[in-house]
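Engineer: Please find the sequence and the predicted model below.
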Amino acid sequence: MNQTKMTYFEQEDILHLTISEEPETASVEISPNITAELNDAGELIGIEIMQANSFIQNIVLESTQAKILNLSA
C-alpha cells in the first residue's frame, strides 16, 4: 500500500500531495488553484495546490474563526 507523500516547492509556492505513484493521465481543476490528478481509471492519485501558503493560511483562519463563533454562540 502506498503512503501519501507531501512535497512543498517553496520557490513556486506549490504543495503537492501524492496519493499513488501511478502515472497521471488526466487532471481536473477543482478550484482556481487546486488541481486533482487522476490515473487512467479516473481515480485520484494526487492533488496540486498553487499559492499554497495563502491557501493554508486562509483555511486555518476560517477554521479558527468558525470554532470561535461556535464557542461564543
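Structural biologist: Great, that's in hand.

Engineer: Which element, helix or strand, includes the residue nearest to E24 when sequence neighbours are not counted?
Structural biologist: When the adjacent residues along the chain are set aside, E24 lies closest to E37, with 4.5 Å between them (Cβ to Cβ, 6 or more residues apart in numbering). All C-beta atoms are positioned from the backbone trio N, CA, C, and that covers glycine. Using DSSP states H and E, E37 falls within strand 34-38.

Engineer: For the strand or helix carrying K67, give me every contacting residue.
Structural biologist: Using DSSP H and E, K67 falls within helix 52-72. By Cβ atoms under 8 Å, 6 or more residues apart in numbering, the list of residues contacting helix 52-72 from outside reads Y8, D13, I14, L15, N33, I34, I49.

Engineer: Apply 7 Å and report the result again.
Structural biologist: Applying Cβ atoms under 7 Å, 6 or more residues apart in numbering, the set of residues contacting helix 52-72 from outside is Y8, D13, I14, L15, N33, I49.

Engineer: Enumerate the beta-bridge partners assigned to the closest residue to the first one other than its chain neighbours.
Structural biologist: Closest residue in space to Y8, ignoring its immediate chain neighbours: L15 at 5.2 Å, by Cβ to Cβ, 6+ apart. Under DSSP bridges, the beta-bridge partners of L15 are Y8, I49.

Engineer: My guess is L15 contacts I49. True?
Structural biologist: Yes: using Cβ atoms under 7 Å, L15 makes contact with I49 at a distance of 4.4 Å.

Engineer: Does T4 touch I19 like I think?
Structural biologist: Yes: using Cβ under 7 Å as the test, T4 is close enough to I19 to be in contact (5.4 Å).

Engineer: out of these two, which sits in the busier spot?
Structural biologist: When T4 and I19 are compared for neighbours, I19 comes out ahead with 17 against 10, by other Cβ atoms under 10 Å.
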